[in-house]
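K.L.:
Let's see this in three dimensions:
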Amino acid sequence: MYVCICNAIRDNDLRCAARQCGKQNAHAVYASLGRTPQCCQCLDEAEDIIAEEFQSVAQAA
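P.N.:
The predicted model follows:
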């Protein structure tokens, strides 16, 4: 599902980028994808997805 329409970023893109860059901040994850938030309406959802990803990684460890 698309999280950021402006940058065409999907939830899977965010999850993968968060794991690779190791950052829990949406701005940092967007930067690792070579993008910046445009209208910023997606940031709350992006932060939630990134937090979920880190929580699932922590539980698996």
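
K.L.:
after the helix or strand where residue 12 lies, next one along is what?
P.N.:
Residue 12 belongs to helix 11-21 when elements are defined using DSSP states H and E. Of the helices and strands lying after helix 11-21 in sequence (DSSP H and E), the nearest is helix 26-32.

K.L.:
Report the rounded mean pLDDT for stretch 27-42.
P.N.:
When pLDDT is averaged over stretch 27-42, the result is 96.

K.L.:
can you check stretch 4-17 too?
P.N.:
96.

K.L.:
Outside of stretch 50-59 itself, which residues are in contact with it?
P.N.:
14-15, 18-19, 23-26, 29 (Cβ atoms under 8 Å, 6 or more residues apart in numbering). For the C-beta atoms, the positions are set from N, CA and C on the backbone; glycine is no exception.

K.L.:
And those, which of them are buried?
P.N.:
14-15, 18, 23, 26, 29 (16 or more other Cβ atoms under 10 Å).

K.L.:
Out of the contacts of stretch 50-59, which comes closest to residue 60?
P.N.:
Nearest to residue 60 among these is residue 19, at 11.2 Å by Cβ to Cβ.
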